[in-house]
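> Quick one: sequence and predicted model below, then my questions.
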Amino acid sequence: MENLFHKLFFTCEEATMKAEMNEQKALSGLDQMRLWMHMQWCALCTLFSKQNKKLNSILSHNHQHLKEVKVDDKTKLKWKSALETASTDVPSKNN
Ligand SMILES: [Zn+2]
């Protein structure tokens with residue numbers, strides 16, 4: 001009976017992992033149903049799933065924004081030089 005229960009219902013650990021997979025559209029129909037059933041009674045996983053969706057949306061938006069940034073070669077060289085200067089200015093931890 002316990003075995004049947006585990007076949008039908010996800011644990012919270014499985015549910016959070018499957019919720020992430022569901023975001024990537026990588027979940028089978030059976031697992032989608034099991035995830036839905038888990039979400040019906042588990043407030044914590046429902047909250048995790050909502051926050052995960054929000055976070056993915058924010059990251060996806062920022063990623064699209066970054067793709068639009070174009071930097072010319074002159075600016076890249078300026079940044080490279082600034083980074084090299086900054087990295088040699090870092091004091092050693094032993095001082
Ligand atoms: Zn849960």
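Noted; the coordinates are in hand.

> just the helices in the chain please.
Counting by DSSP state H, the chain has helices at residues 2-8, 12-23, 29-41, 43-67, 73-89.

> Now those in JSON lines, please, with extra columns for mean neighbour count and mean pLDDT.
From N, CA and C alone the C-beta is placed, and that goes for glycine too. Output for the helices of the chain, formatted as JSON lines (neighbours: other CB atoms under 10 Å; pLDDT from 0 to 100):
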{"stretch": "helix 2-8", "mean neighbour count": "9", "mean pLDDT": "74"}
{"stretch": "helix 12-23", "mean neighbour count": "16", "mean pLDDT": "91"}
{"stretch": "helix 29-41", "mean neighbour count": "14", "mean pLDDT": "93"}
{"stretch": "helix 43-67", "mean neighbour count": "12", "mean pLDDT": "83"}
{"stretch": "helix 73-89", "mean neighbour count": "9", "mean pLDDT": "87"}
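
> Any idea which residue is closest to the centre of the protein?
Asn56 (5.8 Å; CA atoms, centre = their mean).

> Skipping its backbone neighbours, what lies nearest that residue in space?
Counting by CB to CB, 6 or more residues apart in numbering, Asn56 lies nearest to Glu23, which is 5.5 Å off, once chain neighbours are set aside.

> Fine, thanks again, bye for now.
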